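J.: got a sequence here, can you build the structure:
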Amino acid sequence: MKKQSNFFKNLKSAPLAICFFGFLFGFMILDMAWPKREKSELEHRPLEQVPAFSWQSLFRNEWTQKYDKYVKDQVAFRDQWINLRANAEYFQAKTENNEIVFGRDSSGTMMFTKFYSLGKNETTYRSNADAVVRFAERHPGKVSFMLTPSASVVYSDKLPIGIPLADENHYLNEIFSITEKSAQNFDLRAVFEQNKEDYIFYRTDHHWTTYGAYLAYEQFCKKNNLTPFDLSAHQAIEVPDFYGTSYSRARLWNTVPDTLTYYPLDNPMTVEVTGELKPPNDKTDGTMYNLKALDTRDKYSCFLWGNNGYSTIKGNGNGSILIIKDSYGNSFVPFLTENYAKIGVIDFRYWKDNIEDLAKEYDKILILHNFQTFYQDNGIRKLNLNVK
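T.: Here you go, the predicted structure:
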């Protein structure tokens, strides 16, 4: 009893220790009672849930790894802890955080995707370029290839001085040299450089803006003798307070939000679920825009209801076109309703069926990707799977 009383007596003389253990115990109780979330809206991703336990997974160390991820994803005040860490690094004058590089323009901080090297994807971009070539050779005269540069290429003058980004221009030049003899190439660097002051890339997101997509669409129309969608003849809806995926990673306290623009067209759209690769948005209301997404952080997913395996849109023009795209194509495709009667849209991340059979149904095919996706996406090899 004497030893025990001495323990409590010594403990009372150390108020910092009492506060520390009190905080530790209290936070443990709070963390256990904290509501568990299925998704982080701020990060645009699902959060880890309690992993199913089995002795086998425990002995293989699989269960402990999954449980560790679960604890990190579901910790109390998780969003606030991430914000605190991000802003602490910002005030230490760091030029990057969580794969995002910080640049500056007159409107505030610009956020660029970090690209220091190809890493493990050293040969992927060449393989993907070869896949485009072989696909175009099987469909002579039908295939166009549009590879968009990253914002860091267009706004290189906004980057931190001395930042060691890889030379994306070198890789773009090489890719276009591989594909130029087989496909109709679209190199957008010149037109983007001429219009760089016109808000063509978001500051807080890795996508181009709707106007950036329109500039690319105009180039497509010029080469194919098409009359472009008339912006002045349609109402533009501007949606403020858009914080994109780059912000979700960097989480800077002084971020100036973007403005998202769309044109409310009433062209009907159908999404088809193919094979086992089910798209995240397999039900729409029959239009091209998910307006409910405009009330969330993931506002860009309003275009075409996000990324789906295969969608078809009824246009106002003539003929048909198939778009094989990454998410850059989502804000580009609506403009094509001015020129084609039928528009097919494929995202290889959710597409499993034979592309050859589908390609034969369309008059024109456009492969549209951003370089950041193209150099590391093995899904593009599907252009040459199941070839008969």
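J.: and the residue nearest to residue 337 when sequence neighbours are not counted, how far from residue 235?
T.: Nearest non-adjacent residue to residue 337, counting by Cβ to Cβ, 6 or more residues apart in numbering: residue 315, 4.0 Å away. C-beta: built from backbone N, CA, C; applies to glycine. Distance of residue 315 to residue 235, computed by Cβ to Cβ, to the nearest Å: 19 Å.
J.: who has more neighbours, the two?
T.: A count of neighbours by other Cβ atoms under 10 Å puts residue 315 above the other of residue 315 and residue 235, at 21 against 7.
J.: distance check, that one against residue 308.
T.: Applying Cβ to Cβ, the value for residue 315 to residue 308 is 17 Å.
J.: where do the helices of the stretch 151-300 of the chain begin and end?
T.: For the stretch 151-300 of the chain, the helices defined by DSSP state H, counting those that start in this stretch cover 151-154, 168-179, 189-194, 210-223, 245-250.
J.: ok, which of these comes nearest residue 384?
T.: helix 168-179 (13.9 Å; Cβ to Cβ).
J.: now the closest one, how far from the centre of its chain.
T.: Put simply, helix 168-179 sits 22 Å off its chain's centre (Cα atoms, centre = their mean, to the nearest Å).
J.: ditto for stretch 248-259
T.: How far stretch 248-259 lies from its chain's middle: 16 Å, per Cα atoms, centre = their mean.
J.: could you dump that stretch to PDB, C-alpha only?
T.: Listed in PDB are the C-alpha atoms of stretch 248-259, where the atom choice follows Å, rounded to 0.1, in the frame of the first residue of the first chain:
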ATOM      1  CA  SER A 248      -7.200  17.000 -52.000                       C
ATOM      2  CA  ARG A 249      -3.600  15.900 -51.900                       C
ATOM      3  CA  ALA A 250      -1.900  19.100 -51.000                       C
ATOM      4  CA  ARG A 251      -4.600  20.700 -48.700                       C
ATOM      5  CA  LEU A 252      -3.200  24.200 -48.500                       C
ATOM      6  CA  TRP A 253      -5.000  26.600 -46.200                       C
ATOM      7  CA  ASN A 254      -4.800  29.500 -48.500                       C
ATOM      8  CA  THR A 255      -6.000  27.800 -51.700                       C
ATOM      9  CA  VAL A 256      -8.100  29.800 -54.100                       C
ATOM     10  CA  PRO A 257     -10.800  27.600 -55.400                       C
ATOM     11  CA  ASP A 258     -11.500  27.100 -59.100                       C
ATOM     12  CA  THR A 259     -14.600  27.700 -61.100                       C
END
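J.: for it, buried residues please.
T.: Buried positions in stretch 248-259, judged by neighbour count with 16 or more other Cβ atoms under 10 Å: 248, 249, 250, 251, 252, 255, 258.
J.: likewise for stretch 163-177?
T.: Judged by neighbour count using 16+ other Cβ under 10 Å, the buried positions of stretch 163-177 are 163, 165, 168, 171, 172, 175, 176.
J.: now do the contacts for the third one.
T.: I take that to be residue 168. Contacts here follow Cβ atoms under 8 Å, 6 or more residues apart in numbering; on that basis residue 168 touches 115, 149, 150, 152, 153, 371.
J.: okay, who's weakest in those residues by pLDDT?
T.: pLDDT is lowest at residue 115 among those; the value there is 91.
J.: okay but it is in contact with residue 370, surely?
T.: No - using Cβ atoms under 8 Å as the test, residue 115 is too far from residue 370 to be in contact (11.5 Å).
J.: shared neighbours of those two, which are they?
T.: Shared between the contact lists of residue 115 and residue 370 (criterion: Cβ under 8 Å, 6+ apart) are residues residue 150.
J.: so for these two, which sits in the more crowded spot?
T.: Neighbours per residue (other Cβ under 10 Å) separate residue 115 from residue 370, with residue 370 holding more: 23 against 20.
J.: which residues does that one bridge with?
T.: Counting by DSSP bridges, residue 370 forms beta bridges with residue 148.
J.: which regions of this protein sit below the pLDDT cut-off?
T.: Low-confidence segments of the chain, defined by pLDDT under 70, are located at 1-48, 50-51, 53, 58, 63, 67-68, 70-94, 273-283, 386-388.
J.: would you enumerate the residues in contact with residue 221?
T.: By Cβ under 8 Å, 6+ apart, residue 221 lies in contact with 227, 228, 339.
J.: measure it to residue 214 for me?
T.: Residue 221 sits at a distance of 10 Å from residue 214 (criterion: Cβ to Cβ).
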